[in-house]
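S.K.: Quick one: sequence plus predicted model below, questions after.
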Amino acid sequence: MFRIKRLYSFVLGTFFPLLLATFSVCLFIFLMQFLWKYVDYMVGKGVEFKVLGELFFYASIYVFPLALPVAILLASLMTFGSFGEHMELLAMKSSGISLLRIMKPLIIVVFFISGIAFIFQNNVSPNASARLFTIVLSLKMKSPELDIPIKSFFKEIPGFNIYVRHKSKNGLLKDVMIYDHSKDDAIVIWSDSGRMKMSDDKKYLIMTLYNGELFQNMAMKRSGYNQSQYTFMRQSFKLRTILMEFDSNFNMVDESIMQNRDISKNIPELRSFVRTASAEVDSITQVIRPILISQVYTSTFKQDRSYPKINQSPADTIPVDDIDLLFKSLPVREQIRLLEDAKLKTERLTNDPNMWLYQQSNKQKDIRGHKIEFHRKFTYSLACFLFFFIGAPLGAIIRKGGLGLPAVLSVFLFVVYYTIDVFGWKMAKQEIWHVWQGMWLSSSVLASLGIFLTYKAVIDSVVMNFDALGENILRIFGKREIRKYTKKEIIMELPNYPEAICLMENWNKDVNYYLEKKTKIPMYFSFWKQDFRTIYLHSKLDSMEQWVEDLLNSNENLIIGKLMDYPVIAPYRLAFLNKPAVRWSCCIFLPAGLLIYIFCLVKQNQINNDLQMTIKVNEEITKELRNLNLDKRLP
């Protein structure tokens, strides 16, 4: 009988509740994002809750492929982060169980989840997407709910603009003005009050007006009248009824409109469309090519020498190849006729290829869209599997459970993934990259990151240790160390103070000369001509360390305290730039060269400040040594 191991049941029992919880949260967030995108189509339309419920249901299915990978990432990160935080992961590893063996049941589960997600996206999601966008299109085309605002024009009724100054509690409209431009003659109606209601079939708006006037201008179109004259009509009324077309019913558009879209097709249908459309494009090209050659090349470059004869004297000579001279010699009427013929021929030659090009570009666009959707069905399903190999190792590394750091990292990783995915999708859609390159870019990034994090987690490498990260950053920009010295309890031999004073004075002179050359900021191209070796600076720093070690044998606390004021100078190591190929490659490659240039300027400024501080400390120590007067040989 098959029995699952207790360790595996413990891991699965921890993972599944977190997966269900995170999936519910992620699905809700993506659903709200989708509804917020199309909120303008739903607000103010008076749609029944049944239609909105159907919209929410299909929208949930539509965002399912995006919510599932994020849920797996967050759940796996929280699971293994909790194991690490409560020392459970350490206990498992100390028992001789490797991380991959701990992940084994979840790898199998996530693999089946990815397969189910692929089947769901291939069979369920296309129909749901078609139904969803059919509802969205129907909501977009539906007339808004009738709600006449106060002191502003209501323009939602086709052919009418309505202005109401006041509205009573019982629904009576006061001081109503209607602009009727549904016909050729403009009509303006004003009334003291009025009421508005819908017809029983909700297709017409009935407005009853009381005590008003009607103004209409009527154009005189009969012959015999001046066309610039207009006749105005004014009519007073006590009661008038206006019927306006205003269909407030929700009518679902034909769902077949969305059936030909790429989002509503599964993999066999997508492949069938791509094959059929590609064959159609090839057949159109084979038909168009000979027509284009015959109309453009043959007829354009074929020389027609049947020009009308011109009365010329025998002495006149007109070169046949000089078209301009021949054209100017023709009569003006003939020149106009030739120009009109050339214009018509040019328009014919351009219109036909433009029409063919438009047809070809539309067909190519449809083919590319279907190819993108074909690859998307695989990439979204594979993202579930790859996100697990990012979340589980990352949780084992950071060793933090809960919704704090794991949620932040999950959101950050998903935003990076989604940004790369949208970038690749646009590159593929705009025909800048091949479709497979753009659509698989995000998956390749996820795979690389997953392999790296899994390897680091298996070997227990410290990746997310912020102390180590800060230490590496300080090494790059020069770690600011502090000297800590104490007076020695046993001193075998006192320092040679006169020699130390002489060394420090000579050192100051040499370093001042060095600073005079290094203080000036070099230009960008002059910077790359310098020598990047720091042999001279290293020699000066070594000599400084020699007298520091010698003065540590002093029995004076003041001298020991002054030695701790010396800064720790760390020159940059860029000797590899002395190679001409590397140097000029960095110089030409502007982003990398500019970063190195800025880094070296900042580092050189830091070294200059440290050297100036060292000179100041040398002067102070020299002064103290002279004041000690411990040896009569001191000058």
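M.R.: Sure, I can see it.

S.K.: which stretches of the stretch 501-635 of the chain aren't confidently modelled?
M.R.: Along the stretch 501-635 of the chain, the parts satisfying pLDDT under 70 run over 575-576, 589-592, 628-635.

S.K.: Would you mind measuring from the residue nearest to the spatial centre of the chain to Pro498?
M.R.: Nearest to the mean C-alpha position of the chain, counting by CA atoms, centre = their mean, stands Thr419 at 4.3 Å. Noted for Thr419: a distance of 67 Å to Pro498, by CB to CB, to the nearest Å. Heads up, the C-betas are built off the backbone N, CA and C, glycines and all.

S.K.: just Ser361 next, same as before
M.R.: In terms of CB to CB, Ser361 sits 89 Å off from Pro498.

S.K.: Just the strands from the protein, written as ranges.
M.R.: Here the chain has its strands, by DSSP state E, at 153-154, 160-167, 173-180, 187-198, 204-219, 230-245.

S.K.: what would those look like in TSV with mean neighbour count, distance to Val281 and mean pLDDT?
M.R.: Compiled in TSV, the strands of the chain are given as follows (neighbours: other CB atoms under 10 Å; distance: least, CB to CB, whole Å; pLDDT from 0 to 100):
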stretch	mean neighbour count	distance to Val281	mean pLDDT
strand 153-154	15	49	80
strand 160-167	17	48	85
strand 173-180	19	51	86
strand 187-198	17	51	85
strand 204-219	16	49	81
strand 230-245	12	44	80
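
S.K.: can I get these in TSV with distance to Ser278?
M.R.: Below are the strands of the chain laid out as TSV (distance: least, CB to CB, whole Å):
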stretch	distance to Ser278
strand 153-154	51
strand 160-167	50
strand 173-180	54
strand 187-198	52
strand 204-219	51
strand 230-245	46
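
S.K.: right, and those strands - which one's nearest Gly450?
M.R.: Closest approach to Gly450 among the strands of the chain (CB to CB): strand 153-154, 56.9 Å.

S.K.: Can you pull out the residues in contact with that closest one?
M.R.: Residues outside strand 153-154 that contact it (CB atoms under 8 Å, 6 or more residues apart in numbering) are Ile148, Asn161, Ile162, Tyr163, Val164.

S.K.: Name every strand pairing with that strand and say which way it goes.
M.R.: Sheet pairing for strand 153-154, assigned by DSSP bridges, gives strand 160-167 (antiparallel).

S.K.: For the strand it pairs with, output the C-alpha coordinates as PDB.
M.R.: Provided in PDB are the C-alpha atoms of strand 160-167 (Å, rounded to 0.1, in the frame of the first residue of the first chain):
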ATOM      1  CA  PHE A 160     -30.500  65.900 -28.300                       C
ATOM      2  CA  ASN A 161     -28.900  68.200 -25.700                       C
ATOM      3  CA  ILE A 162     -30.900  68.800 -22.500                       C
ATOM      4  CA  TYR A 163     -30.300  71.500 -19.900                       C
ATOM      5  CA  VAL A 164     -32.200  71.500 -16.600                       C
ATOM      6  CA  ARG A 165     -31.800  74.400 -14.100                       C
ATOM      7  CA  HIS A 166     -33.700  72.800 -11.100                       C
ATOM      8  CA  LYS A 167     -35.100  69.400 -10.200                       C
END
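
S.K.: Could you give the separation of it from the chain centroid?
M.R.: Relative to its chain's centre, strand 160-167 lies at 45 Å (CA atoms, centre = their mean, to the nearest Å).

S.K.: Now do it against strand 204-219, angle only.
M.R.: 110 degrees (axes from the mean of the first three to the mean of the last three CA atoms, to 10 degrees).

S.K.: any idea of the angle strand 160-167 forms with strand 187-198?
M.R.: For strand 160-167 against strand 187-198, the angle by the same axes, to 10 degrees is 70 degrees.

S.K.: What segments of the stretch 401-550 of the chain are helices?
M.R.: Here the stretch 401-550 of the chain has its helices, by DSSP state H, counting those that start in this stretch, at 405-429, 435-439, 441-458, 466-477, 497-518, 524-527, 535-551.

S.K.: Highest mean neighbour count out of those helices?
M.R.: Compared across those, helix 435-439 shows the largest average neighbour count, a mean of 19 (mean count of other CB atoms under 10 Å).

S.K.: Does it pack against any helices or strands, and if so which?
M.R.: With contacts taken as 3 or more CB pairs under 8 Å, 6 or more residues apart in numbering; DSSP states H and E, helix 435-439 sits against helix 332-398, helix 405-429.

S.K.: Residues touching it, excluding its own?
M.R.: Identification of contacts with helix 435-439 by CB under 8 Å, 6+ apart yields 368, 371-372, 375-376, 379, 424-429, 432.

S.K.: Stretch 173-192 too?
M.R.: The contact list for stretch 173-192, computed with CB under 8 Å, 6+ apart, reads 148, 158-168, 193-196, 207, 209-219, 240, 242.

S.K.: Sketch out the low-pLDDT regions of the stretch 201-350 of the chain for me.
M.R.: Ranges of the stretch 201-350 of the chain meeting pLDDT under 70: 201-202, 218-231, 246-257, 284-324, 347-350.

S.K.: hmm, try it at 50
M.R.: Within the stretch 201-350 of the chain, the stretches with pLDDT under 50 are 220-225, 303-320.
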